[in-house]
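K.L.:
I would like the atomic coordinates for the input below:
(chains A and B)
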Protein chains: 2
Amino acid sequence: MHGITTIRYLTTASFGFGAAGLLADVLSECGVNRPLVVTDPGVRATGLADRVIEPLSGSAPTWFDGTPTNPTEAAVIEAVEIYAAAGCDGVVAIGGGSSIDLAKGVALMVTHPGSLLDYAYVNGGVDRITTAVAPTVAIPTTAGTGSEVGRAAMINVGGRKLDFLSPHLFPSRALCDPELTLGLPPYLTAATGMDALTHCIETYLSPLVNPPAEAIGLDGVERAAGAIEEATRDGRSRPARWNMMMASMEGALTFQKGLGAVHAMAHPLGALDDLSLHHGTLNAVLLPAALRFNKPAASAKYERLRQAAGLDSGVDLADWISELNVRLGLPSGLAAMGVSRETLPRVAKAAAQDPAAETNARPVTEADYEQMLRASLGVASS
Amino acid sequence: MHGITTIRYLTTASFGFGAAGLLADVLSECGVNRPLVVTDPGVRATGLADRVIEPLSGSAPTWFDGTPTNPTEAAVIEAVEIYAAAGCDGVVAIGGGSSIDLAKGVALMVTHPGSLLDYAYVNGGVDRITTAVAPTVAIPTTAGTGSEVGRAAMINVGGRKLDFLSPHLFPSRALCDPELTLGLPPYLTAATGMDALTHCIETYLSPLVNPPAEAIGLDGVERAAGAIEEATRDGRSRPARWNMMMASMEGALTFQKGLGAVHAMAHPLGALDDLSLHHGTLNAVLLPAALRFNKPAASAKYERLRQAAGLDSGVDLADWISELNVRLGLPSGLAAMGVSRETLPRVAKAAAQDPAAETNARPVTEADYEQMLRASLGVASS
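P.N.:
This is a model prediction of the structure:
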């Protein structure tokens, strides 16, 4: 396999097996002497986060290891208090998208006045977030969200899932070390991996004109399509883990093109409090219906996606994803995830208002969303 | 054709026909009220630069239109004096790589103490160039160097061609408007276009690991290979001009992978004072020999390059470039450009010490360079 390499597009990322070992150097480059380490209880329990932090010399690290499955304002406030009490001067996030997003919220609130709500996208927060954001080093332990090179954080505030968006929320540095994903269980490998694949496909299909982003997205499709089954079946496969982490980063590097119908539906479904559904799993389950819906609008792009995925010219992309989901052991549909048919009109309405809807490959109405959602319910409901 | 689009990787670029019309808005976003407009006598004479500046309301613009073919310290000093005398607060570059590189030098020296030499790469200048660099908007009128999204400037100081390199030298914004290239003469279209194609090929072949950069480079190869002949033959072809300008930007977006033998040789050849050779033309003429030399080291990559360029599997890439050069009316070799066989050992020695040599696809010695240079002399010398 390759050694550690440096990739500089949106965030300077050190990528490769062993990259987490650069943490001490990177903190020093960022001028951070007393980092707050943000992680979640699961990652902490595996010992992974402690192993990454262990080589740091000096005083004992300050921890916030209470990141919830979906980051909340309460968790941000708690972490900010720990940061202030310990005199921290920067943040290290070790975990999946939740820990990295929470770390972004902490880096924001330890340097900006007022409350989190003031900085939400819907409240015009983009213009209030300044370069003052505390330095943050992101170390992903899953290969899916790509939040380590993303400018967004999703945080629940008062029961609403809010978007925080700013060029100043890019982590100062990312350390992408596939070694940290070798122990990721098969189901999480599949679900987070489908998140990465969906990012690459949806952004590629967005009608915005951005050839560098499309080229990166297609490369991500090729890597994810080639590696997701191996990474799920054999978690210790280093080449598969390398390629999945690269596809995850590449997916996020293409976010500037905008997403589409899959994310427009996954966002409100993920906000259903009683279910707490996994974002990557939702994307995997919704992708086939969106690919069927968008097909008439993007035939040349579908052919390039087939080439990138190593599929024959005649293969239906939606069928391919459906069958891939089955092989990966993912749910057969929304019904199997506990979503009831009665919820769908409400979800469709929210989907039509989601910002991701604006860059779908084909114009899409509330009725179209309802149809796609029904089609995604799966066998359990038919 | 497409409208104006925004692409954000290293510099935020507004790309598309009409993008130059965003200048007033972009200057306002950058907080620039009194820009110094840097261009060269040729671009000024065509009226192109005045047309771009004309819509700016307010006081008459301040001009420096004396950019030499290769930017010099003397020109930087002259422009800095004009900037200071007029109370300017930012720079607009309109032109090819020379004007954009000169503008970077001006933006540096109006905000940093000492002399240009202090900031040269060879003198450890990277660490001395700070965020203080004056805001700069780059508007390319050729499709080749990609300097509008690059962090480097090449400026002649005391007879030496020196590299100035810093993340703070990225233009604040780039306005990439293919409209400005519609009148570029065939020879310059071909020569600058081959510069872009060479950037995409050489960076793709570099052994550094950077999949996003490779994906962007391959996309640039596809565009340049598909459009360079049409753009040269029919300068008014808007799709061809769009694709060439995109390939140029994409080439520069891949510079972080490092270049190779072609640039290692083109740099010292370009520094031969008595000849003042065009960089893009040199790249075009040197590329076949480098492709022959590197072939044993990169067979899988050569196959992908062939696919990207739309060539059959059996085609020899070096032959393809040689024949393309002929069809584009470029010189048959270095001899036809006035380079004598006697100069070659000296050039080979300098090439072996050029930083670009470090990322060539295959390790390369001074003797290898001499052999490639001899092979590039062309028919006039045989």
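
K.L.:
tell me the buried residues in stretch A:186-204?
P.N.:
Neighbour-count burial for stretch A:186-204, counted by 16 or more other CB atoms under 10 Å in any protein chain shown, picks out A:188-204. (C-beta placed from N, C-alpha, C; glycine too.)

K.L.:
kindly report the same for stretch A:15-27.
P.N.:
Quick answer for stretch A:15-27 (16+ other CB under 10 Å): A:15-17, A:19-20, A:22-23, A:26-27.

K.L.:
in those residues, find the pair that's most separated.
P.N.:
A:F17 and A:L27 (20.2 Å; CB to CB).

K.L.:
now do the strands in the stretch 151-300 of chain A.
P.N.:
Shown for the stretch 151-300 of chain A, the strands assigned by DSSP state E, counting those that start in this stretch span residues A:152-157, A:160-165, A:173-176.

K.L.:
for the first one, C-alpha coordinates in PDB please.
P.N.:
As requested, C-alpha coordinates have been extracted for strand A:152-157 and formatted as PDB (Å, rounded to 0.1, in the frame of the first residue of the first chain):
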ATOM      1  CA  ALA A 152     -20.800  21.900   7.400                       C
ATOM      2  CA  ALA A 153     -22.000  20.600  10.800                       C
ATOM      3  CA  MET A 154     -25.400  19.300  11.600                       C
ATOM      4  CA  ILE A 155     -26.400  19.900  15.200                       C
ATOM      5  CA  ASN A 156     -29.800  19.400  16.900                       C
ATOM      6  CA  VAL A 157     -31.000  22.600  18.500                       C
END
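
K.L.:
mind giving me the packing neighbours of it?
P.N.:
helix A:73-85, helix A:97-109, strand A:160-165 (3 or more CB pairs under 8 Å, 6 or more residues apart in numbering or on different chains; DSSP states H and E).

K.L.:
now A:V347: how far from chain B?
P.N.:
Distance, A:V347 to chain B, using CB to the nearest CB, to the nearest Å: 31 Å.

K.L.:
and what about that residue, helix, strand or coil?
P.N.:
Recorded secondary structure, A:V347: helix (DSSP: H, G, I helix; E, B strand; the rest coil).

K.L.:
wait, A:P55 sits on A:A24?
P.N.:
Yes - judged on CB atoms under 8 Å, A:P55 makes contact with A:A24 at a distance of 6.1 Å.

K.L.:
most packed of the strands of the stretch 151-300 of chain A?
P.N.:
strand A:173-176 (a mean of 26; mean count of other CB atoms under 10 Å in any protein chain shown).

K.L.:
and the residue most central in space within chain A, what are its phi and psi?
P.N.:
Centroid-nearest residue in chain A, with CA atoms, centre = their mean: A:T145, separated by 1.6 Å. Main-chain torsions, A:T145, degrees, to the nearest 10: phi -70, psi -40.

K.L.:
so how far is chain B from it?
P.N.:
Note on A:T145: its distance to chain B, by CB to the nearest CB, is 17 Å.

K.L.:
cool, A:G220 as well?
P.N.:
Per CB to the nearest CB, A:G220 is found 8 Å from chain B.

K.L.:
pretty sure that residue contacts A:T254?
P.N.:
Yes - here A:G220 lies in contact with A:T254, judged by CB under 8 Å, at a distance of 7.3 Å.

K.L.:
leaving out chain neighbours, which residue sits closest to the residue of the stretch 1-150 of chain A found nearest chain B?
P.N.:
Relative to chain B, the nearest point of the stretch 1-150 of chain A is A:T5 (3.9 Å; CB to the nearest CB). The spatial neighbour of A:T5 that comes closest, neighbours along the chain excluded (CB to CB, 6 or more residues apart in numbering or on different chains), is B:V209 at 3.9 Å.

K.L.:
determine the set of other helices and strands touching the lowest-mean-pLDDT helix or strand in chain A.
P.N.:
The weakest-scoring helix or strand in chain A, judged by mean pLDDT, DSSP states H and E, is strand A:5-8 (a mean of 72). If you count contacts as 3+ CB pairs under 8 Å, 6+ apart, strand A:5-8 packs onto strand A:12-15.

K.L.:
repeat that with 10 Å
P.N.:
In terms of contacts (3 or more CB pairs under 10 Å, 6 or more residues apart in numbering or on different chains; DSSP states H and E), strand A:5-8 is packed against strand A:12-15, strand A:173-176, helix A:238-253, helix B:211-233.

K.L.:
report the angle between the longest one and helix A:238-253.
P.N.:
Just to be clear, that refers to helix B:211-233. 60 degrees (axes from the mean of the first three to the mean of the last three CA atoms, to 10 degrees).

K.L.:
so how far is helix B:211-233 off the chain centroid?
P.N.:
15 Å (CA atoms, centre = their mean, to the nearest Å).

K.L.:
what comes up buried for that helix?
P.N.:
B:211-232.
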